[in-house]
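A.B. asks: coords please:
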Amino acid sequence: SLLSQAESLPPSPPSPPPPPGSFDVLFIGTGVSTGIPKIGCIVRPDPSMPKCHVCHDAMRESSKNRRGNVSILLRFWHKDGRPRHIMVDAGKTMRENCMRFLPQHGVRSLDSLLLTHSHADAIHGLDDIRDFQEQSGVILKHFPPLPVYLNEATFDEVKRRFSYLVPGTGSALEVESKNRSDSGSRFVSRIRWNIISDEEFEVEGCEGLKVRPLPVLHGGSLISLGFEFKSDKQRFVYISDVSHIPSKVLRSLKNSPHPQVLVLDALDEKKHFSHFNLQEAVDAAAEISPRKLLLVGMTCSMGDHEETNRKLIALRPARRCSCDQCAGLPLSVELAHDGQFLDSREWGR
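C.D. replies: Coordinates of the predicted model:
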């Protein structure tokens, strides 16, 4: 039979890895700080509350309405053949979503971590970084400390909330790695903190990948960092928590080569103190002029994932750039979802 013939065929050879210097992006989380489903929408402390259909659908593990705290993993294909894994933010839901999505893509370790700001949805998973550095209950002595990149304001908050992770306050760097059953042992993450400014830098071990911090406002005067990632053929701009993009930053993005993909914060359709709404995100993207805009940070009032994306696909707003590359081409806009994977071989499609 046709089926038995198919079963007798040799397996397809594995696809070759992407070329050195390219990178893939995995969305570990795409939701609001509370995560979706929200506790309040499910337990309904006020029985008169209407049923939230988005949150009830998000109770299904496979639902695209199910969203953890915003976070991505960038996989950079190094010329030495070993991919490097760079995570951006480690929030409250990091543990759960790493277990959901990292094994699907063969990710077994982290090589570095970038932090955008000091809110709980960006740093309250820092303690769980230790599980990337454990083997059979032992913190490996030879395991190098994880390089973490953050601004000074975020570091000040980390020192206050996670003093045991910072040198001089009982850090893992000052404690001998031991079996957890040993008396007095401490099972904590080994981290090397790197304070960054607004200057472009290279993540340790990722030669050929440039990272530029993009300081934006995230409600009032709080600075959150977006990041621009650049290699020879790819440009990716990621701004996950923003209420206002300063004119200097916006101007630098408009005057640079257009990113294939732009990721922007968009809580829902209403005006908000500390986050872009949908219209603000679309307006900013029209200025920056990417090939594709992916939205993150949504709450349940943004609506059902599939229904909202159907509306956004029909929207296709005009770009505000008149260069030959952009003239007459509309902007592609979609909500991102947890577990979404952008393959470098299909970048920007």
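A.B. asks: Make sure Ala120 is actually in contact with Asp89.
C.D. replies: No: using Cβ atoms under 8 Å, Ala120 is not in contact with Asp89, being 10.8 Å away. No exception for glycine: its C-beta is placed from N, CA and C like everyone else's.
A.B. asks: For the two, indicate the residue with more neighbours.
C.D. replies: Asp89 (25 against 12; other Cβ atoms under 10 Å).
A.B. asks: Let me know the pLDDT of the more buried one.
C.D. replies: Per-residue confidence (pLDDT) for Asp89: 99.
A.B. asks: and it, what does it touch?
C.D. replies: Shown in contact with Asp89 (Cβ atoms under 8 Å, 6 or more residues apart in numbering): Asn69, Val70, Ser71, Ile72, Leu114, Leu115, Thr116, Asp121, Ala122, Ile123, Ser240.
A.B. asks: name the element the fourth one belongs to?
C.D. replies: With secondary structure defined by DSSP states H and E, Ile72 is part of strand 71-77.
A.B. asks: Given that strand, what are its sheet partners and their directions?
C.D. replies: strand 23-29 (antiparallel), strand 83-88 (antiparallel) (DSSP bridges).
A.B. asks: Pick the most deeply packed of those.
C.D. replies: strand 23-29 (a mean of 25; mean count of other Cβ atoms under 10 Å).
A.B. asks: how about that strand as PDB, C-alpha atoms only?
C.D. replies: Extracted C-alpha coordinates of strand 23-29, given in PDB (Å, rounded to 0.1, in the frame of the first residue of the first chain):
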ATOM      1  CA  PHE A  23      19.700  34.500  14.200                       C
ATOM      2  CA  ASP A  24      16.300  33.000  15.000                       C
ATOM      3  CA  VAL A  25      13.800  34.400  17.600                       C
ATOM      4  CA  LEU A  26      11.600  32.400  19.900                       C
ATOM      5  CA  PHE A  27       8.800  34.200  21.800                       C
ATOM      6  CA  ILE A  28       8.800  32.700  25.300                       C
ATOM      7  CA  GLY A  29       6.000  35.000  26.500                       C
END
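A.B. asks: which of the residues in stretch 337-345 are buried?
C.D. replies: His337, Asp338, Gly339, Gln340, Leu342, Ser344 (16 or more other Cβ atoms under 10 Å).
A.B. asks: What separation do you get for the last one and Phe23?
C.D. replies: As judged by Cβ to Cβ, to the nearest Å, Ser344 and Phe23 stand 6 Å apart.
A.B. asks: Now for these two: what residues contact both?
C.D. replies: Trp77, Gln234.
A.B. asks: Nearest residue to Val282 in space, please, no chain neighbours.
C.D. replies: Pro317 (5.5 Å; Cβ to Cβ, 6 or more residues apart in numbering).
A.B. asks: Trp193 too?
C.D. replies: Among residues not flanking Trp193 along the chain, Val148 sits closest, at 5.6 Å (Cβ to Cβ, 6+ apart).
A.B. asks: for that neighbour, which residues make a bridge with it?
C.D. replies: Where Val148 sits in a bridge, its partners, by DSSP bridges, are Leu113, Trp193.
A.B. asks: Nearest approach to Gln325 belongs to which of the strands paired with strand 71-77?
C.D. replies: For the strands paired with strand 71-77, the distance to Gln325 is smallest for strand 23-29, at 21.3 Å, taking Cβ to Cβ.
A.B. asks: picking up where we left off before, CA-only coordinates of the strand holding Ile72, as PDB, when you get a sec.
C.D. replies: Extracted in PDB, the C-alpha atoms of strand 71-77 (Å, rounded to 0.1, in the frame of the first residue of the first chain):
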ATOM      1  CA  SER A  71      10.300  37.500  26.900                       C
ATOM      2  CA  ILE A  72      12.200  36.200  23.900                       C
ATOM      3  CA  LEU A  73      15.100  33.900  23.200                       C
ATOM      4  CA  LEU A  74      17.400  34.900  20.400                       C
ATOM      5  CA  ARG A  75      19.500  32.000  18.900                       C
ATOM      6  CA  PHE A  76      22.600  33.300  17.200                       C
ATOM      7  CA  TRP A  77      24.400  31.000  14.900                       C
END
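A.B. asks: residue ranges of the strands in the stretch 101-250 of the chain, please?
C.D. replies: Using DSSP state E, counting those that start in this stretch, the strands of the stretch 101-250 of the chain run over residues 112-114, 134-135, 138-139, 146-150, 191-195, 201-202, 210-217, 223-230, 235-239.
A.B. asks: Next up, phi/psi of His218, please.
C.D. replies: phi -130, psi 60 (degrees, to the nearest 10).
A.B. asks: now swap in Leu335 and tell me
C.D. replies: Main-chain torsions, Leu335, degrees, to the nearest 10: phi -80, psi 130.
A.B. asks: How about Ser252?
C.D. replies: phi -70, psi -30.
A.B. asks: Over to Arg251?
C.D. replies: Dihedral angles for Arg251 - degrees, to the nearest 10 - are phi -60, psi -40.
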